[in-house]
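>>> no sequence on this one, just coordinates:
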């Protein structure tokens, strides 16, 4: 009789242990799935505007593995934290690494500069003294506009 009771208790213990393992697996699997293979692995990507306190272990490792650079980047000379191949602007370095991730900097590109001046449509002629600008620097009367191309 004692042997039967021992077997029943052992079976209940295995069942309870299996239930605990299954519950843990169901709880942990979604958390691992959102961070890539291996649970908390870093898939790369942009940290801009992210909350440092919610980095997965792999992301935290990649962030801490970055480094400070004091140089020009995107037209700005500043302190930059470079992690995962991306640059993050900071006014001063924070040691050993920043715990605040700034939002992305949007660099407005200036409009393209024309390669040369537009062609002149007129020349300016002076009657007194006679000549064209810039060969005659000042005129004692009104300047006359002369089309650069003769009328057709």
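Okay, I see it. What you see is a predicted model; the values in this text were computed from it and never measured. Numbering: from 1, shown residues only.

>>> need the contact list for residue 102.
Residue 102 is in contact with 48, 49, 88, 89, 90, counting by C-beta atoms under 8 Å, 6 or more residues apart in numbering. Heads up, the C-betas are built off the backbone N, CA and C, glycines and all.

>>> beta partners for residue 82?
Bridge pairing for residue 82 (DSSP bridges) gives the partners residue 67, residue 87.

>>> I'd guessed it sits against residue 70; true?
No: using C-beta atoms under 8 Å, residue 82 makes no contact with residue 70, being 11.2 Å away.

>>> between those two, which one's more packed in?
Per other C-beta atoms under 10 Å, whichever of residue 82 and residue 70 has more neighbours is residue 82, with 14 against 10.

>>> ok, that one to residue 132 distance?
58 Å (C-beta to C-beta, to the nearest Å).

>>> mind giving me the domain split of the chain?
Domain ranges of the chain: 1-33, 46-107, 120-152, per automatic domain parsing.

>>> out of these, which is closest to residue 113?
domain 46-107 (15.0 Å; C-beta to C-beta).

>>> can you map out the strands along this structure?
Counting by DSSP state E, one finds strands in the chain at the ranges 67-73, 76-83, 86-90, 122-127, 130-132, 144-147.

>>> pass me the low-pLDDT residue ranges in this structure, would you?
The chain contains residues with pLDDT under 70 at 1-45, 106-107, 151-152.

>>> hey, where'd the helices end up in it?
Listed in chain order, the helices found in the chain under DSSP state H are 2-33, 57-64.

>>> okay, angle between the last one and strand 86-90 too, please.
Taking axes from the mean of the first three to the mean of the last three C-alpha atoms, to 10 degrees, one finds helix 57-64 and strand 86-90 inclined to each other by 60 degrees.

>>> got the buried residues for helix 57-64?
58, 59, 60, 62, 63 (16 or more other C-beta atoms under 10 Å).
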